[in-house]
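Peer 1: Compute the structure for the input listed below.
(one chain, ligands or ions: 2)
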Amino acid sequence: MKIGIIGATGWLGSALGRGLLDKGTAPGDLVLLNRSGPRADYHGRRVTWAADAAALAAQADVIVVSVRPGDWPALALHSPGRLVISFMAGVDCSGLAACGGRIVRAMPNAAAEIAASYSPWFAAPGVTDHDRQTVTRILSAIGTSDELTQEGQLDLMTALPGSGAAYPALMAEAMLAVARAHGLPEPVALRAVEAAVCGGARMLEGQVGRAGELLAAYHDYRGTTDAGLNAAEAAGFRDAIRLALEAATDKARAMARPPLA
Ligand SMILES: NC(=O)C1=CN([C@@H]2O[C@H](COP(=O)(O)OP(=O)(O)OC[C@H]3O[C@@H](n4cnc5c(N)ncnc54)[C@H](OP(=O)(O)O)[C@@H]3O)[C@@H](O)[C@H]2O)C=CC1
Ligand SMILES: O=C(O)[C@@H]1CCC=N1
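Peer 2: Numbering: from 1, shown residues only. Ligands and ions are numbered 1, 2, ... in the order given. Below you'll find the predicted structure:
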């Protein structure tokens with residue numbers, strides 16, 4: 001089965017290309033396209049580059065579309081009979097239908113880079129059971145996935161797992177600002193924040209449902225972390241997260257369904 005990736009040198013497309021190659025897809029089974037032109041070396045392999053979207057669609061059985069949403073219309077992909085997996089935020093199934101393929105929308109995140117994406121996906125009518133297996137197999141090259149039953153759920157998925165490292169990065173920046181303001185040497189500040197953000201997150205891995213229990217354990221000390229958490233709550237930490245996710249969800253929804261002029 002030949003897999004085409006449109007946007008193969010972008011953040012997600014490149015991660016998928018590397019993941020597929022690392023997990024055993026033969027270089028000859030990849031057909032790639034980008035805007036800036038073929039690369040002699042693609043993650044250490046020689047792969048096939050298509051001249052344009054039409055040439056890629058002619059060769060690939062499955063086409064992954066990983067260009068930015070604004071670049072989709074000009075691509076004018078015509079791929080009847082192909083399974084088309086779109087990574088694009090805010091381009092819904094009706095916006096993808098013009099390509100004529102069997103449509104799946106998946107929402108990976110930047111952790112695809114380290115094969116740790118969670119990529120929920122939605123299949124439009126016409127997608128077969130065999131297609132579903134293909135989607136699961138392709139997405140397994142960059143992490144895990146689940147099929148969603150309603151396309152609308154993808155808007156929240158775009159805001160939530162789709163945000164990847166964004167909110168941890170925001171937390172790290174905020175903590176670094178405090179550490180620097182206290183005059184900590186930079187290497188110490190970096191290690192301290194890494195302990196709080198990355199080390200802390202590792203402890204939650206596989207048991208995020210027990211976050212409340214962990215918080216309760218900290219509160220029970222009635223010590224320094226309890227004081228800090230109470231201040232964060234009073235300053236609106238939970239509201240800030242809720243508003244951020246709602247704003248991103250609304251944006252995804254608005255991109256897919258722009259208001260009528
Ligand atoms: N990045 C993220 O964290 C997430 C992104 N997404 C979605 O994934 C999609 C890709 O995002 P991302 O990887 O970040 O984007 P990038 O900007 O990193 O990559 C875009 C890719 O598209 C290629 N491209 C642009 N126009 C064309 C064209 N006309 N023909 C062929 N190739 C083209 C670019 O080529 P070149 O390299 O030559 O410029 C590049 O390889 C987006 O739609 C985004 O909404 C979804 C979830 C998370
Ligand atoms: O910020 C964005 O628009 C892209 C899509 C989802 C996550 N990142």
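Peer 1: Next secondary structure element downstream of the strand or helix carrying Glu213?
Peer 2: Secondary structure assignment for Glu213, by DSSP states H and E: helix 211-220. Downstream of helix 211-220, the next assigned helix or strand under DSSP H and E is helix 224-234.
Peer 1: Could you give the average pLDDT over that next one?
Peer 2: Averaging pLDDT along helix 224-234 yields 98.
Peer 1: could you point out which element follows it?
Peer 2: By DSSP H and E, the next helix or strand past helix 224-234 is helix 237-256.
Peer 1: and that next one, how far out from the chain's middle?
Peer 2: Offset of helix 237-256 from its chain centre (C-alpha atoms, centre = their mean, to the nearest Å): 16 Å.
Peer 1: what do you get for stretch 90-98?
Peer 2: 18 Å.
Peer 1: Okay, buried residues for that stretch please.
Peer 2: Going by neighbour count (16 or more other C-beta atoms under 10 Å), the buried part of stretch 90-98 is 90-93, 95-96. In this view, the C-beta of every residue, glycine as well, is placed from N, C-alpha and C.
Peer 1: what comes into contact with it?
Peer 2: Residues from elsewhere that reach stretch 90-98, judged by C-beta atoms under 8 Å, 6 or more residues apart in numbering: 65, 69, 72, 84, 86, 103, 105, 122, 124, 151, 158, 251-257.
Peer 1: which residues of the chain score low on pLDDT?
Peer 2: 258-261 (pLDDT under 70).
Peer 1: Could you list the domains of it?
Peer 2: 3-163, 166-255 (automatic domain parsing).
Peer 1: Could you single out the most deeply buried of these?
Peer 2: domain 3-163 (a mean of 19; mean count of other C-beta atoms under 10 Å).
Peer 1: what about that one, start to end distance?
Peer 2: 26 Å (C-alpha to C-alpha, to the nearest Å).
Peer 1: which one is Ala211 nearest to, not counting chain neighbours?
Peer 2: Leu204 (6.3 Å; C-beta to C-beta, 6 or more residues apart in numbering).
Peer 1: looking at it, Ile103 is touching Ala124, isn't it?
Peer 2: Yes: the pair Ile103 / Ala124 is scored as a contact, 4.1 Å apart, by C-beta atoms under 8 Å.
Peer 1: quick one, phi psi at the residue in the stretch 1-150 of the chain that ligand 1 sits nearest to?
Peer 2: Across the stretch 1-150 of the chain, no residue is closer to ligand 1 than Gly10, which sits at 2.0 Å (C-beta to the nearest ligand atom). As for Gly10, its main-chain torsions (degrees, to the nearest 10) stand at phi -80, psi -180.
Peer 1: what's the answer for Gly90, then?
Peer 2: phi 70, psi 20.
Peer 1: Who are the contact partners of the closest residue to it other than its chain neighbours?
Peer 2: Distance criterion C-beta to C-beta, 6+ apart; nearest residue to Gly90, sequence neighbours excluded, is Met255 at 2.6 Å. Contact analysis of Met255 by C-beta under 8 Å, 6+ apart lists 69, 89-91.
Peer 1: filter those down to the ones near ligand 2?
Peer 2: Ala89 (C-beta under 6 Å from any ligand atom).
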